[in-house]
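Asks: got a sequence here, can you build the structure:
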Amino acid sequence: MVRAALAILGMIFASGIAQAKDLSADELHQRILEGRAVEAVIWGMPAVNALLMYDQMVKAGGKVGQIIYWGKPLDRRNQTLTPNPDTLYSMGFYDTKADGPMVIEIPPAGEDGSLNGNFVTLWQEPLEDAGLLGVDKGAGVKFLVTPPGYSDKIPDGFEQLASDTYNGYFLVRSNLKSHADADVQKSIAYAKRVKFYPLSALANPPKTVFLDVKDKDFDSTIKYDLSFFTLLDRVIQSEPWIGRDRVMIDLLRSLGIEKGKPFQPDAKTKKALQAGIANARDWLAARYDAGPPPFFSGTHWTFPTLPELMTAASAGFNDPDTYPVDARGLTYTYGYIGIKRLGAGQFYLINIKDKNGKSYDGGKSYHLHVPPNVPVAQYWSVTAYDRETHALIKGVDRASRASNAVELEKNSDGSVDIWLGSKAPKGKKANWIPTDPKRRFELMFRLYGPSKDFFDKKWILPDVEKVAAQ
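Replies: I've put the predicted structure just below:
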């Protein structure tokens, strides 16, 4: 698929050179706009991704400065990008232009619970990680998210998170001992110890508002249509330009997106935008199919993103000689949030092809053998997602199997056999992940609290194998 897509792009490029001399000035202009629209989509993907979640938060009844949470493990009503259905999620969105600096208090870990938290800008650039394996190592921490250019003294006892955007959000995963109701309620109670309020209310902080959205439809999958550019315009209108991105000012202006002016593209510009986002979608899909490099040599388990993005993001994109915009844009088509210390608190492996290099067919059956002694301090899980949307598969009653599920059946040596397909193998339902027989799927293997042995490859996860039809 990738070679074919690249070959087609090559032919289009070659044909374009040959035909350019025969194009009118208007036709050349239209072609330029289409190319600029492609670049705008790739560049703007992480911020548009964040606004899609923001809008769903508002639609669900939430507000800036509050915390929405899912009061049960995620199901198909949550259509965010590759979420984890084996933990409990909470999200809080901030707007420091409207509310000033915002305080986020993370409670210490203990017998009553622990969490993994990540804090990002609107561009989903990681500001810090918190929780058991974050900067506080479970001791608890008080963060102060400050707006661009903030220079006031930071109160004693707070750690500053200096954002270069006014808007942003944080994601908290409250760890689950199991999916049993008592453990779920305990995890919710712990997560509700997080506090979120304006610094201006420090002397008498208001009670943090928590809103349960477990029964709400929440769809933040990427929409490859003109609405993408409407969201991108909102980013430009609400946020200051970051120095590294100033090259985009004139490019976006040519597409009708300019700070201080309404986004009202004419018919020709709309046509270019529609063509551009279609081309961007196809190019990004081809890049995704090619995949990041394998994590385990000789397997189809890959890094969660391209290594150059992992390096650049954790350093705040401060290296003047690198700016992996393509890798960043690709990553935020299938995921969200930014992690400053990827590998300390959690690590992810992506798999979109079986042992034979074939894409996963939801109508077929597959088998994954998870060797014993997975090198994690907390738990591991494997989750199936819809290949086209990168969200939880619709029409199935569960999406994953995890080591913290009490019903998971283990072999005598501690290894686990996972089965995937539209029908459960006889006697294997406890370890079965259902799929939609009419759609393709993809996998993510999560490790929470991975140890050095994992990164030293002393433990290896084998490829997924297709099971012969019975």
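Asks: show me the strands in the stretch 51-200 of the chain, by range?
Replies: Secondary structure of the stretch 51-200 of the chain (DSSP state E, counting those that start in this stretch): strands at 67-69, 78-79, 88-95, 102-106, 115-121, 126-131, 141-146, 159-162, 167-174, 195-198.
Asks: which one of those lies nearest to residue 399?
Replies: Across the strands of the stretch 51-200 of the chain, residue 399 has its closest neighbour in strand 78-79 (9.7 Å, CB to CB). Quick note: C-beta positions are derived from backbone N, CA and C, even for glycine.
Asks: residue 260: which of the strands of the stretch 51-200 of the chain is closest?
Replies: Ranking the strands of the stretch 51-200 of the chain by proximity to residue 260 (CB to CB) places strand 167-174 first, at 17.9 Å.
Asks: that closest one vs strand 88-95, what angle?
Replies: Per axes from the mean of the first three to the mean of the last three CA atoms, to 10 degrees, the angle that strand 167-174 makes with strand 88-95 is 160 degrees.
Asks: out of the strands of the stretch 51-200 of the chain, deepest packed?
Replies: Each of these was scored by mean neighbour count; the highest is strand 115-121, a mean of 26, by mean count of other CB atoms under 10 Å.
Asks: flag the shaky bits of the stretch 1-150 of the chain, pLDDT-wise.
Replies: 1-21 (pLDDT under 70).
Asks: for it, just list every one of the helices.
Replies: 2-20, 25-59, 96-99 (DSSP state H, counting those that start in this stretch).
Asks: just to revisit the earlier point, need the strands of the stretch 51-200 of the chain in TSV (columns: distance to residue 444).
Replies: Listed next are the strands of the stretch 51-200 of the chain as TSV, based on distance: least, CB to CB, whole Å:
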stretch	distance to residue 444
strand 67-69	22
strand 78-79	15
strand 88-95	15
strand 102-106	25
strand 115-121	16
strand 126-131	19
strand 141-146	28
strand 159-162	27
strand 167-174	14
strand 195-198	28
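Asks: just give me the neighbour total for residue 240.
Replies: Using other CB atoms under 10 Å, residue 240 is surrounded by 14 other residues.
Asks: surely it is within a helix?
Replies: No: checked against DSSP: H, G, I helix; E, B strand; the rest coil, residue 240 lies outside a helix; its state is coil.
Asks: give the contact list for the nearest residue to it once chain neighbours are set aside.
Replies: Distances taken as CB to CB, 6 or more residues apart in numbering place residue 148 nearest to residue 240, at 5.4 Å, with adjacent residues excluded. Residues near residue 148 by CB atoms under 8 Å, 6 or more residues apart in numbering: 163-166, 240.
Asks: any idea how far residue 164 is from residue 148?
Replies: Applying CB to CB, to the nearest Å, the value for residue 148 to residue 164 is 5 Å.
Asks: give me the common contacts of these two.
Replies: Common contacts of residue 148 and residue 164 (CB under 8 Å, 6+ apart): residue 240.
Asks: burial check on the residue lying closest to residue 300 once chain neighbours are set aside, number of neighbours?
Replies: On the basis of CB to CB, 6+ apart, the spatially nearest residue to residue 300 that is not a chain neighbour turns out to be residue 353, at 4.6 Å. Neighbourhood size, residue 353 [other CB under 10 Å]: 19.
Asks: same check on residue 54?
Replies: Residue 54, neighbours per other CB under 10 Å, totals 22.
Asks: from memory it sits against residue 92, does it?
Replies: No: the criterion here is CB atoms under 8 Å, and residue 54 misses it with residue 92 at 11.1 Å.
Asks: now do the shared contacts for those two.
Replies: Both residue 54 and residue 92 are contacted by residue 169, under the criterion CB under 8 Å, 6+ apart.
Asks: number of residues surrounding residue 254?
Replies: Residue 254 - counted by other CB under 10 Å - has 16 other residues nearby.
Asks: any idea how far it lies from residue 227?
Replies: According to CB to CB, residue 254 and residue 227 sit 20 Å apart.
Asks: how about residue 271?
Replies: 16 Å.
Asks: OK, contacts around the residue positioned nearest the centre of the chain?
Replies: Residue closest to the average C-alpha location in the chain (CA atoms, centre = their mean): residue 336, at 1.9 Å. For residue 336, the contacting residues are 49-50, 53, 80-81, 124, 171, 220, by CB under 8 Å, 6+ apart.
Asks: on that earlier part again, for the strands of the stretch 51-200 of the chain, which one sits closest to residue 215?
Replies: Using CB to CB, the nearest of those to residue 215 is strand 78-79, at 10.6 Å.
Asks: partner strands of that closest one, with direction?
Replies: When pairing is defined by DSSP bridges, strand 78-79 lines up against strand 218-219 (parallel).
Asks: tell me the spatial nearest neighbour of residue 360, not counting adjacent residues.
Replies: Spatially, and ignoring its direct neighbours in sequence, residue 360 is nearest to residue 441 (4.8 Å; CB to CB, 6+ apart).
Asks: which phi and psi does the one you found have?
Replies: Here is the backbone geometry of residue 441 (degrees, to the nearest 10): phi -140, psi 170.
Asks: tell me how far it lies from residue 87.
Replies: According to CB to CB, residue 441 and residue 87 sit 21 Å apart.
Asks: repeat for residue 189
Replies: For residue 189 relative to residue 87 (CB to CB), the value is 15 Å.
Asks: neighbour count for these two, which is higher?
Replies: Applying other CB under 10 Å to residue 189 and residue 87 shows that residue 87 carries more neighbours, namely 26 against 12.
Asks: you'd agree that one is up against residue 176?
Replies: Yes: with contacts counted by CB under 8 Å, residue 87 reaches residue 176, the gap being 5.7 Å.
Asks: between these two, which contacts overlap?
Replies: 73, 187.
Asks: tally of neighbours for the nearest residue to residue 177 once chain neighbours are set aside?
Replies: The shortest distance from residue 177 to any non-neighbouring residue, by CB to CB, 6+ apart, is to residue 183 (4.5 Å). Residue 183: 17 surrounding residues under other CB under 10 Å.
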